[in-house]
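Asker: got a predicted structure plus its sequence, pasted below:
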Amino acid sequence: MISVSDLSYGYRDTPILTDITLEIPKGGVTALIGPNGAGKSTLLSLIARLMPLQSGRIMVDELKIGTCASTDLAQRLSILPQVPEIAARLTVAELVAFGRYPYHKGRPGAEDLAQVETAIEVFDLQALAHRSLDTLSGGQRQRALLAMIYAQDTDYMLLDEPLNNLDIAASRALMQLLRQMAETHGRTIVIVLHDINYAAAYADHIVTMKEGHLGPCGAPRDIVTDALLRDVFQTDAKVRRLDGKMLIDV
């Protein structure tokens, strides 16, 4: 479980997160949703220790963010930021192999190589394995980055808007794959999404945010309502139920 207690964060005189107390359950898919500027990416970055804590406490199981060893955290939690810094001349296979660094520290063994091969297969990248990243489409590059995170083989995977640059078919396929990873491999996936329809369709748990504060949290069927759309997103779109699924008018 990821436990966040009394977390606040600001930049100069501007508050970005205010008094966030939250528990993200272990297992399944948790979606962070909210309008632009709600603080979703900041929260994800603080959990992953990409940014220093200013106040409050974050625990990832028994590991306390800010005091635990980086290696211990990297073997427990992985993150794909919204704008990752990568060298364009890397091949797909080389990029995916970076996911194993927390384990081998530059000296990969048979298990590391096997994990890389599995990740390339899971994300259907065999035909692209020896191509450099600068020759790929946006969607192909996103799949390669996700394969790197998968190869890291962590209990927790944090993904910041991974559907960027993906068309509807690729987005749907990725969400189905993440759903399968959570169900069959026991991964805990925390994902920032802009499309509430994907959150409602694939997440077990939704966390809403607005202006740095938490909004309603819970199962999609319990919290995705017309009132939520008005209060969090300031829209009069309607929630409809069809064959047991929720759809939001666009």
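Answerer: Done, it's in.
Asker: dump stretch 47-55 to CSV, keeping only the CA atoms.
Answerer: Extracted as CSV, the C-alpha positions of stretch 47-55 are listed here (Å, rounded to 0.1, in the frame of the first residue of the first chain):
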residue,chain,number,x,y,z
ILE,A,47,5.8,9.4,-4.3
ALA,A,48,8.6,8.3,-6.7
ARG,A,49,11.1,10.7,-5.0
LEU,A,50,11.7,12.6,-8.2
MET,A,51,11.0,15.8,-6.1
PRO,A,52,11.9,16.4,-2.5
LEU,A,53,9.3,16.3,0.2
GLN,A,54,8.5,19.7,1.9
SER,A,55,6.1,18.5,4.5
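Asker: so for that stretch, what gets flagged as buried?
Answerer: I47, A48, R49, L53 (16 or more other CB atoms under 10 Å). Every C-beta, even on glycine, is put in place using the N, C-alpha and C of the backbone.
Asker: the nearest residue to the first one once chain neighbours are set aside in helix, strand or coil?
Answerer: To tie it back to what came earlier, the one meant is I47. Take I47 and drop its neighbours on the chain: the residue closest to it by CB to CB, 6 or more residues apart in numbering is I58, 5.6 Å away. I58 carries the three-state label strand when classified by DSSP: H, G, I helix; E, B strand; the rest coil.
Asker: so how far is S70 from I58?
Answerer: Using CB to CB, to the nearest Å, I58 is found at 15 Å from S70.
Asker: looking at the two, which has the bigger crowd around it?
Answerer: The neighbour comparison of I58 against S70 (other CB atoms under 10 Å) goes to I58, with 21 against 9.
Asker: contacts only, for that one.
Answerer: By CB atoms under 8 Å, 6 or more residues apart in numbering, the residues touching I58 are I2, S3, V4, S5, L7, L46, I47, K64, I65, G66.
Asker: what's the answer for A93, then?
Answerer: Contacts for A93 (CB under 8 Å, 6+ apart) come out as V116, I120, A129, H130.
Asker: please redo it, this time with the cut-off set to 10 Å
Answerer: Shown in contact with A93 (CB atoms under 10 Å, 6 or more residues apart in numbering): V116, E117, A119, I120, L125, Q126, L128, A129, H130, R131, A144, A147.
Asker: would you map the helices across the protein?
Answerer: 40-47, 70-74, 92-97, 101-104, 110-122, 138-151, 168-185, 196-202, 220-223, 226-233 (DSSP state H).
Asker: got these as JSON lines, with distance to Q82 and mean pLDDT columns?
Answerer: Shown next, in JSON lines, are these (distance: least, CB to CB, whole Å; pLDDT from 0 to 100):
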{"stretch": "helix 40-47", "distance to Q82": "6", "mean pLDDT": "95"}
{"stretch": "helix 70-74", "distance to Q82": "19", "mean pLDDT": "91"}
{"stretch": "helix 92-97", "distance to Q82": "17", "mean pLDDT": "94"}
{"stretch": "helix 101-104", "distance to Q82": "21", "mean pLDDT": "88"}
{"stretch": "helix 110-122", "distance to Q82": "21", "mean pLDDT": "93"}
{"stretch": "helix 138-151", "distance to Q82": "11", "mean pLDDT": "90"}
{"stretch": "helix 168-185", "distance to Q82": "15", "mean pLDDT": "90"}
{"stretch": "helix 196-202", "distance to Q82": "16", "mean pLDDT": "93"}
{"stretch": "helix 220-223", "distance to Q82": "23", "mean pLDDT": "92"}
{"stretch": "helix 226-233", "distance to Q82": "20", "mean pLDDT": "92"}
